[in-house]
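>>> Next comes the sequence, and after it the predicted model I'd like to discuss.
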Amino acid sequence: MGHLPKTQTQLYSDMQAREGLYYVRRGGTSENVQFKPITLDGQDGMIFTMDGDTNLMVNVWKNGKFGSQRTLATKDDLTPTLEEIAQPSVSGITFSQWVATAEKSGNEVTLSFNVNGNMTAMSSIVKILTLPTKYRPKSNKYVSYATQEGCIMLLAIYTDGTLNLFNNNKTVSGFFLRQAITYPVA
């Protein structure tokens, strides 16, 4: 369809389509409308359109008529948002600095951490917090990393939103979580 500034596209219903043609309306007002016929040559397929509010729509053409129409993305879905993640209270961990953010744009999330403190030696993975639903990954995510003091750590984020740390049964101190991870959300 190309980039058409300040235009509106409307896909007419199957009752208005004739002989495999559909019409795209382009123009600013109802009084000043241009029609452009397009044919699908009898083929099934999908037509992507944008409305005046920049909502991306998919229109399904099947068996000679239009079927479903769905909004794929809206301008608001793609507007980046940034939110601070509140400092949790976790047994065995003392935080002297907690800077954690969640940034979302579309279906992509980036979590950033700059965390200083002390974590006692633990032989199992420790739940730090649970992320809000809008920041939960499609699949489990794991990041293995070394702290500034050289301790090996694991950051695990599960699909249920739990954010977990594993310190390999070693006491860690200083900046023990300085990471950024980007992933698609569910």
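Yes, it's here.
>>> Could I get the pLDDT score of Gly27?
The per-residue pLDDT reported for Gly27 equals 42.
>>> show me where pLDDT drops low in the protein?
Along the chain, the model assigns pLDDT under 70 to residues 1-77.
>>> Helices of that one, start to end?
For the chain, the helices defined by DSSP state H cover 75-78.
>>> Give me the contact list for stretch 92-109.
73, 77-85, 87, 110-120, 122, 126, 128, 131-132, 134-135, 137, 175, 182-185 (Cβ atoms under 8 Å, 6 or more residues apart in numbering). Yep, even glycine has a C-beta here, placed from its N, CA and C like the rest.
>>> do that again at 6 Å, thanks
Residues from elsewhere that reach stretch 92-109, judged by Cβ atoms under 6 Å, 6 or more residues apart in numbering: 77-78, 80-85, 87, 110-120, 135, 184-185.
>>> Also stretch 147-156?
By Cβ under 6 Å, 6+ apart, stretch 147-156 touches 142-146, 164, 166-168, 170, 172, 174-176, 179.
>>> Of those residues, grab the buried ones for PyMOL.
Buried residues within the contacts of stretch 147-156, by 16 or more other Cβ atoms under 10 Å, are selected in PyMOL with:
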select buried, resi 164+166+167+172+175+176
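>>> Quickly check the contacts of stretch 147-156 for the two that are furthest apart.
Tyr142 and Gly174 (22.3 Å; Cβ to Cβ).
>>> list the buried ones in stretch 111-123?
Leu111, Ser112, Phe113, Val115, Asn116, Gly117, Met119, Met122.
>>> Residues in contact with that stretch: which ones?
92-102, 167, 169-173, 175-181.
>>> Among the residues you listed, name the ones in strands.
93-102, 172-173, 175-181 (DSSP state E).
>>> Drop the exposed ones from those and show what's left.
Applying 16+ other Cβ under 10 Å to those flags Ile93, Phe95, Trp98, Ala100, Ala102, Val172, Ser173, Phe175, Phe176, Leu177, Ile181 as buried.
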